[in-house]
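Peer 1: Here is the input, now give the coordinates:
(2 chains)
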Amino acid sequence: MNKFIFDSGEGTVKQIVVDGVSHTYRPPRGREVLALEDVSLEIAPREFVALLGPSGCGKSTLLYLIGGFLPVEKGAIRIEGQPVAAPGPDRGIVFQHFALFPWKTVRANVRYGLEKMGLAREEQERRAQAQIEMVGLKGFEESYPSQLSGGMKQRAALARTLAVDPRMLLMDEPFGALDAQTRGLMQSELLAIWQRRPTTVLFVTHDVQEAVLLAQRVVVMSARPGRIKATVETRLDRSDPHIYRSPAFAEKVDEIWNLVRDEAIKSQ
Amino acid sequence: MKYLPILLCALLWEAIVQFGLVSRDLLPSLSDVLSATWKLAREGDLWTNGAASLYRGGAGLALAIIVGAVLGILMAWWRAVDAFVGPLVEALYPMPKSALIPVTVLWLGFGDGSKILLIFLGCMLPVTLAAYNGARSCEQALVWSARSLGASRLRVLWDVVLPSALPELVNGVRTALALTFVLLVSSELIVARAGLGYLIGFLGEGGVYDAMFAVVLVVAFLGFFADRLYQRATRRVLAWRE
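Peer 2: Prediction:
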């Protein structure tokens, strides 16, 4: 089982394995909350998976556990066969509120991970510049995050994460803080990036359309405590720019919305 | 002209003395005070005593900033440090630090050491609290981002927690800067053989009131100037905040 054969994603080797994970959230004050209960999930290399559920269902918690930011207390999480111990540059993370270092310019933000890799200065500059241009921020290299719009901030954050060439992307409602137009643009750009360079993506969202549009597989979670309620393969042609208007898209959205609705009501 | 009120006060001062509204024994005229300042500067007393004060204040404040910032950040970061040091900081914070003047003299004598220690002890707590509050306000997502980009746990303190704490820290240091002058002058007034505070006391006892007022004026100006300079420097450091 420990062979690392990276096939087209159909094979048996899984990149992320979540096995019977439960997680209890313990706030400094107040009572404990069971956030996740017995969650199991497998993700193949280069697969784009959306984790969908009502707010407070623990979907972000699951992402943080995979990222190594929270300790796994019950169950196990393995990345390419290894149990998760700590965060690492193999798992790039993108947050809803961008989490750019506000005291660093766009260039310095993007270069941060490259510095930590111990690359030569020129190599850092070259890769940072290439990444900044890829996300369309050329000309804003010396801007501070506070000078950028929400969409530009998320582009910069994406560039910072992609610069270190992670083997998988963990995205925590990355477009949730953007206005509708910007969100649409960012969704198609993320798809374009993913199609150019397929990476494993685990994408947390509570937006059904977004999940269907982006992911190959949508994992629907129940209201708290979070459990996996259903998994739906989308099987849509993502290269179609008018996918929104296709009946297949509407059907999938409908199918998933029916699964989510009860949970959303419960979480009110 | 923002400083017009100060200029008006200066004119008023000169006028009430010149018109004999107050006795010159209680308040020498501003012009006498200025000429006494000039005399003190020319004869060198101002410089030697000023240098002694500057050294004490600078050393005490620098120590307070370094130790206070490190302590505050460690308190915010490790619960064990907080549990141990937190109550001490809380208990000592409201204590009037000038009460320590005799203690520091007992320990370190009349020279520089006792003043530096006093300023260090007095200024450390505001810096510690500011660093603590600043570090506590550090966003979790920033720390996680740095960790996932390859920064070690310890490295994150320097790369993320310290800059996050900076806006608060800068305010704490400003408080400490003002406190430095208070503690410096009062400790020098009470027991010292040099320094601007000593000079004020010495001239006052000798009845040379225009010169005494001159040193008071110099101290006031130094405090004002240091604060302005500090404000200007921090605005540059925090330029990213916009």
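Peer 1: for residue 231, phi and psi?
Peer 2: Let's take chain A. Main-chain dihedrals, A:Thr231, degrees, to the nearest 10: phi -130, psi 130.
Peer 1: You answered for a different chain; I wanted chain B.
Peer 2: Torsion angles, degrees, to the nearest 10, at B:Gln231: phi -60, psi -40.
Peer 1: Mind pulling the model confidence for it?
Peer 2: What the model reports for B:Gln231 is a pLDDT of 94.
Peer 1: what sits up against stretch B:92-106?
Peer 2: Stretch B:92-106 is contacted from outside by B:113-115, B:117-118, B:121-122, B:125, B:129, B:179, B:182-183, B:186-187, B:190-191, using Cβ atoms under 8 Å, 6 or more residues apart in numbering or on different chains. In this view, the C-beta of every residue, glycine as well, is placed from N, C-alpha and C.
Peer 1: what about 6 Å?
Peer 2: For stretch B:92-106, the external contacting residues (Cβ atoms under 6 Å, 6 or more residues apart in numbering or on different chains) are B:Ser114, B:Leu117, B:Leu118, B:Gly122, B:Leu125, B:Ser186, B:Ser187, B:Ile190, B:Val191.
Peer 1: what kind of secondary structure is the spatially most central residue of chain A in?
Peer 2: Taking Cα atoms, centre = their mean, the centroid of chain A lies closest to A:Met171, which sits 2.0 Å from it. Look at A:Met171: counting by DSSP: H, G, I helix; E, B strand; the rest coil, its state is strand.
Peer 1: That one touches A:Phe95, doesn't it?
Peer 2: No. If you go by Cβ atoms under 6 Å, A:Met171 and A:Phe95 don't touch, sitting 8.5 Å apart.
Peer 1: can you give me the helices in chain B?
Peer 2: B:4-18, B:30-43, B:45-77, B:79-92, B:101-108, B:112-136, B:140-148, B:153-156, B:162-190, B:196-205, B:209-237 (DSSP state H).
Peer 1: Go through these and pick out the most buried.
Peer 2: Among the helices of chain B, ranked by average contacts under mean count of other Cβ atoms under 10 Å in any protein chain shown, first place goes to helix B:112-136 (a mean of 24).
Peer 1: so what does it touch, helix or strand wise?
Peer 2: With contacts defined as 3 or more Cβ pairs under 6 Å, 6 or more residues apart in numbering or on different chains; DSSP states H and E, helix B:112-136 has these neighbours: helix B:45-77, helix B:101-108, helix B:162-190.
Peer 1: and these as JSON lines, adding distance to A:Thr200?
Peer 2: Shown next, in JSON lines, are the helices and strands packed on helix B:112-136 (distance: least, Cβ to Cβ, whole Å):
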{"stretch": "helix B:45-77", "distance to A:Thr200": "33"}
{"stretch": "helix B:101-108", "distance to A:Thr200": "62"}
{"stretch": "helix B:162-190", "distance to A:Thr200": "31"}
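Peer 1: what would those helices look like in a markdown table with distance to A:Leu259 and mean pLDDT?
Peer 2: Listed next are the helices and strands packed on helix B:112-136 as a markdown table, based on distance: least, Cβ to Cβ, whole Å; pLDDT from 0 to 100:
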| stretch | distance to A:Leu259 | mean pLDDT |
| --- | --- | --- |
| helix B:45-77 | 42 | 96 |
| helix B:101-108 | 71 | 92 |
| helix B:162-190 | 40 | 95 |
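Peer 1: What lies in contact with stretch B:66-86?
Peer 2: Contact partners of stretch B:66-86, identified using Cβ under 6 Å, 6+ apart, comprise B:Met124, B:Val127, B:Thr128, B:Ala131, B:Tyr132, B:Ala135, B:Arg136, B:Val161.
Peer 1: ok, now stretch A:181-188?
Peer 2: A:Gly151, A:Phe175.
Peer 1: So for that stretch, what gets flagged as buried?
Peer 2: Buried residues in stretch A:181-188, counted by 16 or more other Cβ atoms under 10 Å in any protein chain shown: A:Thr182, A:Arg183, A:Gly184, A:Met186, A:Gln187.
Peer 1: Relative to chain B, which of these is nearest.
Peer 2: Nearest to chain B, judged by Cβ to the nearest Cβ, of the buried residues of stretch A:181-188 is A:Met186 at 18.2 Å.
Peer 1: which of the contacts of stretch B:92-106 lies closest to chain A?
Peer 2: Distances from chain A to the contacts of stretch B:92-106, taken by Cβ to the nearest Cβ, are shortest for B:Leu125, at 24.3 Å.
Peer 1: what number of residues lie near the spatially closest residue to the closest one that is not a sequence neighbour?
Peer 2: Leaving aside its sequence neighbours, B:Leu125 sits nearest to B:Tyr93 (Cβ to Cβ, 6 or more residues apart in numbering or on different chains; 5.0 Å). Counted with other Cβ atoms under 10 Å in any protein chain shown, the neighbours of B:Tyr93 add up to 12.
Peer 1: Likewise for A:Pro54?
Peer 2: 22.
Peer 1: for A:Ser60, same thing?
Peer 2: Neighbourhood size, A:Ser60 [other Cβ under 10 Å]: 20.
Peer 1: next one: A:Gln147
Peer 2: 14.
Peer 1: Could you measure from it over to A:His23?
Peer 2: Per Cβ to Cβ, to the nearest Å, A:Gln147 is found 38 Å from A:His23.
Peer 1: With A:Tyr144 instead?
Peer 2: Distance from A:Tyr144 to A:His23, by Cβ to Cβ: 36 Å.
Peer 1: Then A:Gly176?
Peer 2: 21 Å.
Peer 1: interface residues of chain B facing chain A?
Peer 2: Contact residues (Cβ under 6 Å from any Cβ of the partner chain) of chain B with chain A: B:Ala141, B:Leu142, B:Trp144, B:Ser145, B:Arg147, B:Ser148, B:Leu149, B:Gly150, B:Ala151, B:Pro163, B:Trp240, B:Glu242.
Peer 1: One more pass at 10 Å, please.
Peer 2: B:79, B:139-153, B:155, B:159-160, B:162-164, B:166-167, B:237-242 (Cβ under 10 Å from any Cβ of the partner chain).
Peer 1: coming back round to it: how about the residue nearest to the centre of chain A, what does it touch?
Peer 2: A:50-51, A:63, A:92-96, A:158, A:161, A:190, A:201-205, A:214 (Cβ atoms under 10 Å, 6 or more residues apart in numbering or on different chains).
Peer 1: all strands of the stretch 1-150 of chain A, in order?
Peer 2: A:16-25, A:33-43, A:48-52, A:74-79, A:82-83, A:91-94 (DSSP state E, counting those that start in this stretch).
Peer 1: Give me the local confidence score for the residue of the stretch 151-268 of chain A found nearest chain B.
Peer 2: Taking Cβ to the nearest Cβ, chain B has its nearest neighbour within the stretch 151-268 of chain A at A:Val164, 6.2 Å off. The model reports A:Val164 with a pLDDT of 94.
Peer 1: do the same with A:Arg224
Peer 2: According to the prediction, A:Arg224 has pLDDT 81.
Peer 1: right, and it touches A:His23 too?
Peer 2: No. Counting by Cβ atoms under 10 Å, A:Arg224 sits too far from A:His23 to count as a contact (11.2 Å).
Peer 1: Looking at the residue nearest to B:Leu125 now. What's its pLDDT?
Peer 2: 87.
Peer 1: Any figure for the gap between A:Phe203 and B:Met95?
Peer 2: 55 Å.
Peer 1: neighbour count winner among those two?
Peer 2: A:Phe203 (25 against 12).
Peer 1: residues in contact with that one?
Peer 2: Applying Cβ under 10 Å, 6+ apart, the residues contacting A:Phe203 are A:48-52, A:63, A:94, A:169-175, A:190, A:194, A:210-211, A:214-215, A:218.
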